[in-house]
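>>> Structure of the sequence below:
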Amino acid sequence: MAGEYWLSDRAWVAIEPLLPKNQPGARRVDDRRVISGIVHVLRSGCRWQDCPSVYGPATTIYNRFNRWSHKGLWTRIFTALSAQADCADELSIDSTAVRAHRSVHGGKGGRKFRPSGARVAGRRQKYTP
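So this is what the prediction gives:
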């Protein structure tokens with residue numbers, strides 16, 4: 001299938017020692033395949049349930065991402081991968097700007113100051129009952 005993402009061998013060598021081993025429960029799905037599925041979902045912006053089946057079950061991919069996020073594993077993975085890459089210590093990942101009309105911050109236009117009820121009570125009525 002076109003558009004799939006697979007981890008390179010170099011990235012996998014850096015990530016593999018960081019992954020949890022000997023976890024209780026059912027037999028684990030291949031971690032490399034699951035991480036590739038997670039990266040595919042994050043890069044493409046699709047829903048977890050729309051992840052291609054070549055990466056494994058969508059629930060497994062989502063659950064692994066969620067569990068590893070709570071454990072802080074992704075931070076360690078990104079640190080290991082960035083140490084492997086030849087790049088600066090600090091980078092700007094995204095520098096987009098959101099443009100809005102100048103009057104977006106306010107509500108409807110009109111009079112901002114409204115007199116108190118005591119001042120209004122002393123005036124002549126503008127309508128007839």
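>>> Got the phi and psi for the closest residue to V39 other than its chain neighbours?
Spatial nearest neighbour of V39, chain neighbours left out: Y5 (5.2 Å); criterion: C-beta to C-beta, 6 or more residues apart in numbering. To be clear about C-beta, it is placed using only N, CA and C from the backbone, and glycine gets the same treatment. The phi/psi pair for Y5 (degrees, to the nearest 10) reads phi -120, psi 130.
>>> State the pLDDT value of Y5.
Looking at Y5, its pLDDT is 82.
>>> what do you get for the one 3 residues further on?
Confidence at S8, expressed as pLDDT, is 86.
>>> go on, the one 10 residues further on?
As summarised for this prediction, L18 has a pLDDT of 89.
>>> Please name the residues that touch it.
Contacts for L18 (C-beta atoms under 8 Å, 6 or more residues apart in numbering) come out as 73, 76-77, 80.
>>> now swap in W68 and tell me
W74.
>>> now the helix or strand in which it is found: mean pLDDT?
Secondary structure assignment for W68, by DSSP states H and E: helix 58-71. For helix 58-71, the mean per-residue pLDDT is 93.
>>> helix or strand right after it?
With secondary structure assigned by DSSP H and E, helix 58-71 is succeeded by helix 73-84.
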